[in-house]
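# could you look at this predicted model? Sequence included:
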Amino acid sequence: MASTTAAPGPTSVRRSGWRSCGPSWARMQSAHRERTIGRMTAGARIPTTLWRLLEGAVADLPPHERRDLYRRQILALHGPLSNLLLVLAVVQFLHGLIWLLWADEAMYSVAWRLAAGLLLVALALRFRALESVRRRRQVGLLFLAVVLACLVTPGSGWQQLPLAYLAGVLLLPLAGLPLLVRPGVAWSGLGLCTLAVAAILWQVQATPGERLAFAFYFAMSACAGLVLRRARANLAVRLDREVESLWQRATRDLLTGLLNRHGWLGLANASLSDAVAAGRQAAVLFLDVDHFKRTNDTHGHLVGDELLRRLGQLVQSRLGPRDLAARLGGEEFACLLPDGDRARAGALAQRLARDYRELASEYGSTLSIGIALYQQGDLLNDLLARADAALYQAKREGRDRVVFADD
Ligand SMILES: Nc1nc2c(ncn2[C@@H]2O[C@H](COP(=O)(O)OP(=O)(O)OP(=O)(O)O)[C@@H](O)[C@H]2O)c(=O)[nH]1
């Protein structure tokens, strides 16, 4: 049996769910976007500054982290934002309806009422469908289609400001930018809305004051969308860093930088399960510094700490990328080799013991190691217990040696 399971780091474990998703078309699109942004930010100073200003802390993230962040934002804020937008949409719809009722009677055509009804249904659909990006796009397009169709239809009473309110065109930048957080979608939405608003302002029968108020309202809602989006992205980046740092502190040993017992047990259990599922071999090494109390007593605790630090670095440097090492506590260390057959585990242990002896030669410190090889049905705790038993056998036999369990 041998394992292919990669030792997952904290970030990859928490984000593995995102990594697998997304069709290749989406990946091609985002690769194109990244190339474009790369050209923009590398080529000219003003676009870079603008990009940073608009995107906030997200602009400094590597592309794959930025994508993860956007996806997580959509999921995390879907509930509260949809409710907020639903309220805004209803208010805006009522605003348009009241305006319409007070308007000239020539405008109360059947077509008007039909358009208003359609828009109401579209609004409801739009907010019910927020969970699916595809449906969000469809409803967004439906809105724009209705607005544009109304705008190009000849006849008096059609090109009126109430229509714009009914269609929610003023709401789109506010709704679209924070919700459709992927930059491409957000920017296209803003561009289309600006075009629609420009068309409305060009055609409406309104006083200059009304036109100005309309344009001002649109600009304000677009700015609010941008500011909201930037603030949310900055907050998300900060929270992400906090979570990452808390995770590190909870699962890392400060002295050696290796995983601590808690962090190791979580990752090693998952790694061992993967190895077993793939029908591969695994081994656990249990390491313990010999006569560490004596070393502490003779040379002081600072020297003891230094030896532990050196041992941590040594273990980390000798392991493969798939292996997982931890300081379990005190002067005890453990390594899981998810593709460790007897030969590899034995050779690695011998090498660690020899290198540590050289590293700590000035203090005469040595290492004892117990090894347990995976047997059918073993859990991680079983392997640890057998490796521990082998370690104590090594201690009994005189220390500074490697012993296999069940030999
Ligand atoms: N310097 C230092 N010492 C530590 C640390 N954690 C535990 N120790 C000391 O490690 C020593 C462990 O002693 P024991 O469990 O008796 O083991 P030992 O002296 O190595 O004896 P054997 O394991 O039987 O060879 C104790 O004196 C602890 O105080 C640490 O972080 N730094």
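That came in fine, so what should we check first? Residues are numbered from 1 along each chain as shown.
# contact partners for residue 346?
371, 402, 404 (CB atoms under 8 Å, 6 or more residues apart in numbering). In this view, the C-beta of every residue, glycine as well, is placed from N, C-alpha and C.
# brain fart, residue 264
Counting by CB under 8 Å, 6+ apart, residue 264 has contacts 258, 324, 325, 326, 328, 334, 336.
# burial check on the residue of the stretch 301-407 of the chain found nearest the ligand, number of neighbours?
Nearest residue of the stretch 301-407 of the chain to the ligand, counting by CB to the nearest ligand atom: residue 304, 2.6 Å away. Residues near residue 304, counting by other CB atoms under 10 Å, number 20.
# closest to residue 388 among the contacts of residue 346?
Nearest to residue 388, judged by CB to CB, of those is residue 371 at 10.9 Å.
# isn't the residue of the stretch 301-407 of the chain closest to the ligand right next to residue 298, touching?
No. In this structure, residue 304 is not within contact of residue 298 by CB atoms under 8 Å, at 9.6 Å.
# which element is residue 230 on?
Secondary structure from DSSP states H and E places residue 230 in helix 208-251.
# tell me what that helix is packed against?
Counting by 3 or more CB pairs under 8 Å, 6 or more residues apart in numbering; DSSP states H and E, the packing neighbours recorded for helix 208-251 are helix 10-19, helix 45-55, helix 63-101, helix 161-167, helix 171-179, helix 183-203, helix 261-277.
# tell me the angle it makes with helix 261-277.
Helix 208-251 and helix 261-277 are oriented at 90 degrees to each other (axes from the mean of the first three to the mean of the last three CA atoms, to 10 degrees).
# coming back round to it: quick one: the residue of the stretch 301-407 of the chain closest to the ligand from residue 295, how far?
As judged by CB to CB, to the nearest Å, residue 304 and residue 295 stand 6 Å apart.
# again with residue 317
Taken as CB to CB, the span from residue 317 to residue 295 is 22 Å.
# comparing these two, which residue is more hemmed in?
It is residue 295, of residue 317 and residue 295, that has more neighbours when counted by other CB under 10 Å, with 20 against 8.
# A helix includes the more buried one, no?
Yes. Residue 295 forms part of a helix when assessed by DSSP: H, G, I helix; E, B strand; the rest coil.
# up against the ligand, what does the stretch 251-400 of the chain have?
For the stretch 251-400 of the chain, the contact set with the ligand under CB under 6 Å from any ligand atom comprises 255, 288-294, 296, 301, 304-305, 308, 330-331, 395, 399.
# are any of those buried, and which?
Buried members of these, counted by 16 or more other CB atoms under 10 Å: 288, 289, 290, 291, 292, 296, 304, 308, 331, 395.
# from these, which is closest to residue 209?
Using CB to CB, residue 308 comes nearest to residue 209 of those, at 76.4 Å.
# that closest one reaches residue 289, doesn't it?
Yes. Applying CB under 8 Å, one finds residue 308 in contact with residue 289, separated by 7.5 Å.
# shared neighbours, these two?
Residues touching both residue 308 and residue 289 (CB under 8 Å, 6+ apart): residue 331.
# next, count neighbours for residue 397.
Neighbourhood size, residue 397 [other CB under 10 Å]: 11.
# for it, what are its contacts?
Shown in contact with residue 397 (CB under 8 Å, 6+ apart): residue 403.
# report the separation between it and residue 391.
The gap separating residue 397 from residue 391 is 11 Å, by CB to CB.
# pull up the overlap in contacts between these two.
Common neighbours of residue 397 and residue 391, counting by CB under 8 Å, 6+ apart, are residue 403.
# dump the residue contacts of the closest residue to residue 268 other than its chain neighbours.
Once flanking residues are discounted, residue 268 sits nearest to residue 336: 4.4 Å by CB to CB, 6 or more residues apart in numbering. If a contact means CB under 8 Å, 6+ apart, then residue 336 has 264, 268, 271, 272, 282, 283, 284, 323, 324, 380, 383 as its contacts.
# can you flag the buried ones in these?
Buried, going by 16+ other CB under 10 Å: 264, 268, 271, 272, 282, 283, 284, 323, 324, 380, 383, out of the contacts of residue 336.
# let me know the pLDDT of the fifth one.
pLDDT for residue 282: 96.
# repeat for the fourth one
Looking at residue 272, its pLDDT is 96.
# please tell me which one of the contacts of residue 264 counts the most neighbours.
Neighbour-wise, those (other CB under 10 Å) top out at residue 336, 31 neighbours.
# helix, strand or coil: sort out it for me.
Going by three-state DSSP: residue 336 is strand.
# can you list the domain ranges for this structure.
44-245, 261-404 (automatic domain parsing).
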